[in-house]
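all I have is the shape, not the residue letters:
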């Protein structure tokens, strides 16, 4: 995908596109509004829907995902079905802008250990990115990607800590398999009002792309019964010297 995006673009813009794609890569493989996920599935025979957008803005352009729809449903006890239908976009100065349907994400979250006084929740959340996006226009990877993560969570009073690590199988010319890890600390004012911060790191996912460490802060605000606004951002340098603003904004509904 990166080779196609950078084709015919000057080196400064090409690097910007690489960084933009890196920062918003796999924005949906997370516990919204964060990139780090948790091991707890949606309760059996209940569901949740997110209408969201996420992306990165800097002085040379914008790239991201949205509008997109994420749907999760508890198909069995401790087992959740997951799918994301995304529109993705890239608008960089000096390059052709593109927008269209991206790669479809499908997965199953399964919690195999439930939390006790001494033991955290532990679960897996394998995902597959189905190559439904146009890779020539930079709207998809061109080949299926698979993510195998392990997530843990522990609640201590009003505080929640969760995180873990996973490995991406990322085929395709110029691509590399890569690792994502993250940890998040969150304070819960209530079941529907929280604020948290995460630190995450991903290794390089292609031969022409560096690894990246980032910090996000965000939370939720209830707006109606069973509806919340979710948000996160990483304005400023984060852990790197790259000047940018990254964001997630979504409307969340449970049923």
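Good, I have the coordinates. What you are looking at is a predicted structure, and each value in this text was computed from that prediction instead of being measured.

what about the strands in the stretch 51-200 of the chain?
Counting by DSSP state E, counting those that start in this stretch, the stretch 51-200 of the chain has strands at residues 61-76, 79-92, 98-101, 104-113, 121-124, 127-130, 145-156, 159-169, 178-188, 194-202.

ok, which of those comes nearest residue 247?
Nearest to residue 247, of all these, is strand 61-76, at 8.1 Å by Cβ to Cβ. C-beta here means a position set from N, CA and C on the backbone, and glycine is covered the same way.

buried set for that closest one?
61-66, 68, 70, 72-74 (16 or more other Cβ atoms under 10 Å).

next, the angle strand 104-113 makes with it.
Orientation check (axes from the mean of the first three to the mean of the last three Cα atoms, to 10 degrees): strand 61-76 against strand 104-113 gives 50 degrees.

and strand 61-76, average pLDDT?
For strand 61-76, mean pLDDT rounds to 93.

that strand packs against which elements?
helix 11-24, strand 47-58, strand 79-92 (3 or more Cβ pairs under 8 Å, 6 or more residues apart in numbering; DSSP states H and E).

number of nearby residues for residue 91?
Using other Cβ atoms under 10 Å, residue 91 has 17 other residues around it.

that one: what's it in contact with?
Residues near residue 91 by Cβ atoms under 8 Å, 6 or more residues apart in numbering: 61-63, 97, 99.

show me which of these is closest to residue 228.
Ranked by distance to residue 228 (Cβ to Cβ), the contacts of residue 91 are led by residue 62 at 25.3 Å.

returning to that earlier point: tell me, which of the helices and strands packed on strand 61-76 is the model least confident about?
Minimum mean pLDDT among those: helix 11-24, a mean of 43.

picking up where we left off before, distance to residue 227 for the strands of the stretch 51-200 of the chain - can I get that in TSV?
Formatted as TSV, the strands of the stretch 51-200 of the chain follow (distance: least, Cβ to Cβ, whole Å):
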stretch	distance to residue 227
strand 61-76	15
strand 79-92	19
strand 98-101	26
strand 104-113	22
strand 121-124	25
strand 127-130	26
strand 145-156	24
strand 159-169	21
strand 178-188	18
strand 194-202	15
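
if we can go back for a sec, for the buried residues of strand 61-76, work out which two are farthest apart.
Largest pairwise distance in the buried residues of strand 61-76, by Cβ to Cβ, is 39.3 Å, between 61 and 74.

any stretches of the protein with poor pLDDT?
Of all residues in the chain, those with pLDDT under 70 make up the ranges 1-30, 235-244.

looking at this, residue 42 is in a strand?
No - Residue 42 is assigned coil when assessed by DSSP: H, G, I helix; E, B strand; the rest coil, not a strand.

OK, contacts around it?
Neighbouring residues of residue 42 by Cβ under 8 Å, 6+ apart: 48, 72-74, 80.

how near is it to residue 79?
Distance, residue 42 to residue 79, by Cβ to Cβ, to the nearest Å: 9 Å.
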